[in-house]
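Chemist: Need the 3D shape of this:
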Amino acid sequence: MKINELRNLLAESREESIKKAFAECYKALPKAKKEEIDGLLTDILKGSDVKKAKKKNQTVDFGELSVEIDTFMEYAYADLYFAPNKIVPRAQRSKWRFTVKGFVKALTAVKEEDESFGAAAEYLFKLYELLCYGCGYYVFSSTDTFRSVGIPQEEFLEMVVSRKLAAEGYTKENLERLIWLGAACLVSSENLNEDLLCVVADKLKTSDSKYIAIEAARALIETGAADELTEKSSNPQTYDVEYGKNRAALFILHLAVLLGETESYVAYYFSAYKSRNKEYTLSRALWRIKDFGTDRDWITVYEYAVKKIKVKPAEHLKKEYNELKSKMKA
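Modeler: Alright, predicted model coming up:
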């Protein structure tokens, strides 16, 4: 029976008959469907606007959504959204960005109180990994994947970090994954890994969370945690292990500056950052400290490098050091 036929039949029926028919239809629904529409029915029977009630009570079929995302990612990593094939139609391959945007919209609609919130956060994590991989390899028609879906990389990572922390808390294991995601993943042409790590740092609101993050970053550098996380990822080629460890060392210095403990961690930074060119190691640190540290932090790192490990700074760094020292004496 079509909806118009049903409406005509209802218009010709008595109120008691309509109530009986409605009750019988409701009883025939499976329990899951009853729970899905209970809110909608309540709003309509109370006189709420039908369109608003539908919108308010729309729910995500998470089981179906997870299958769709798993299939999409499997096909994407197999190059089926880039190379000609008979599995993914050409028209569907060209619409991959709209598919991803739809997934993101559905996943971010899952509320923190929902039982599927943690799984939704993990799927966002995996989609972010896929888009990172697409920045370095032709998975889709463009390697500018984040621009293609209309979500800047930093903004996407912020969604991932916020939801993963809400779902799993500030545990060392959770922070290891999030730090590694920022430190070692491939990036778009508009981003640096240091910028992505700032997204993680911004979520560490307490001293305790910063100390846990420092331990997590140290584990990535000193143990097999980085290699293990890379191997367990959706695609290991998404990550650059040695590069990521250096960025994790810089992240530790970043947090030390925020904690006011630059002197306590500067030695660790220079020992953990693996580069044959120590002047480069110094310049990377000083460059970042300009963004989030003080003149005193800058001088502390500079003097340690020059006095303790005999780094010979570039002339422009010497000049800046002398200017800052003069400024502090004035």
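Chemist: number of nearby residues for N277?
Modeler: Residue neighbour count, defined by other C-beta atoms under 10 Å, stands at 9 for N277. Every C-beta, even on glycine, is put in place using the N, C-alpha and C of the backbone.
Chemist: Oh, that last question was meant for E112, not what I typed.
Modeler: By other C-beta under 10 Å, the residues close to E112 number 11.
Chemist: list the contacts for it?
Modeler: A166, A167 (C-beta atoms under 8 Å, 6 or more residues apart in numbering).
Chemist: Report pLDDT for it.
Modeler: On pLDDT, E112 comes in at 94.
Chemist: quick one: contacts for the nearest residue to L196 once chain neighbours are set aside?
Modeler: Leaving aside its chain neighbours, L196 sits nearest to G182 (3.9 Å; criterion: C-beta to C-beta, 6 or more residues apart in numbering). By C-beta under 8 Å, 6+ apart, the residues touching G182 are L157, N193, L196, L197, V199, V200, R247, F251.
Chemist: ok, so of those, who is nearest Y26?
Modeler: Of all the contacts of G182, Y26 sits closest to L157, with 44.8 Å by C-beta to C-beta.
Chemist: shouldn't the closest one be in contact with L181?
Modeler: Yes. In this structure, L157 is within contact of L181 by C-beta atoms under 8 Å, at 7.1 Å.
Chemist: any common contacting residues for these two?
Modeler: Both L157 and L181 are contacted by Y128, L196, under the criterion C-beta under 8 Å, 6+ apart.
Chemist: most neighbours, which of the contacts of G182?
Modeler: Sorting these by how many neighbours each has (other C-beta under 10 Å) puts F251 first, at 29 neighbours.
Chemist: Tell me how far that one lies from L282.
Modeler: Distance, F251 to L282, using C-beta to C-beta, to the nearest Å: 17 Å.
Chemist: T206 too?
Modeler: 30 Å.
Chemist: Show me where the stretch 1-150 of the chain has its helices.
Modeler: Taking DSSP state H, counting those that start in this stretch, the helices of the stretch 1-150 of the chain run over residues 3-12, 15-28, 31-45, 50-56, 62-77, 90-93, 96-108, 117-136, 145-149.
Chemist: could the contacts of G182 go into TSV alongside distance to I299?
Modeler: Compiled in TSV, the contacts of G182 are given as follows (distance: C-beta to C-beta, whole Å):
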residue	distance to I299
L157	32
N193	26
L196	27
L197	23
V199	28
V200	26
R247	24
F251	21
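Chemist: Among these, name the ones in helices.
Modeler: Here DSSP state H is the test, and those give L157, N193, L196, L197, V199, V200, R247, F251 as lying in helices.
Chemist: my guess is the last one meets A184, correct?
Modeler: No. Contact between F251 and A184 fails when scored by C-beta under 8 Å: they sit 11.0 Å apart.
Chemist: returning to that earlier point: nearest to V241 among the ones in helices among the contacts of G182?
Modeler: Nearest member of these to V241, counting by C-beta to C-beta, is R247, at 10.9 Å.
Chemist: T206 and L282 - which one has more neighbours?
Modeler: The neighbour count for T206 versus L282, taken as other C-beta under 10 Å, is higher for L282 (25 against 9).
Chemist: Can you give me every residue that contacts the more buried one?
Modeler: L282 sits next to F270, V301, Y302, A305, V311, P313, L317 when contact means C-beta under 8 Å, 6+ apart.
Chemist: quick one: pLDDT of the second one?
Modeler: pLDDT for V301: 97.
Chemist: Find out how far the helix or strand hosting it is from the centre of the chain, if you would.
Modeler: Using DSSP states H and E, V301 falls within helix 295-308. Offset of helix 295-308 from its chain centre (C-alpha atoms, centre = their mean, to the nearest Å): 34 Å.
Chemist: ditto for stretch 290-308
Modeler: Centre to centre, stretch against its chain (C-alpha atoms, centre = their mean), the figure for stretch 290-308 is 31 Å.
Chemist: Tell me where the stretch 101-250 of the chain is predicted with low confidence.
Modeler: For the stretch 101-250 of the chain, no stretch is flagged by pLDDT under 70.
Chemist: Just the pLDDT for K20.
Modeler: 76.
Chemist: give me the number of residues near it?
Modeler: Neighbour tally, K20, other C-beta under 10 Å: 12.
Chemist: how far away is it from L65?
Modeler: As for K20, its distance to L65 is 37 Å (criterion: C-beta to C-beta).
Chemist: and if you look at Y265?
Modeler: Applying C-beta to C-beta, the value for Y265 to L65 is 43 Å.
Chemist: What of R288?
Modeler: R288 sits 39 Å away from L65 when distances are taken as C-beta to C-beta.
Chemist: Quick check: buried residues in stretch 283-290?
Modeler: S283, R284, A285, L286, R288, I289 (16 or more other C-beta atoms under 10 Å).
Chemist: With stretch 145-156 instead?
Modeler: T145, F146, S148, V149, I151, Q153, E154, F156.
Chemist: dump the residue contacts of L131.
Modeler: Listed by C-beta under 8 Å, 6+ apart, the contact partners of L131 are V100, T145, F146, V149, Q153, F156.
Chemist: Mind doing that once more with 10 Å?
Modeler: L131 sits next to 76, 100, 139-140, 145-146, 148-149, 151, 153, 156, 185-186, 188, 238 when contact means C-beta atoms under 10 Å, 6 or more residues apart in numbering.
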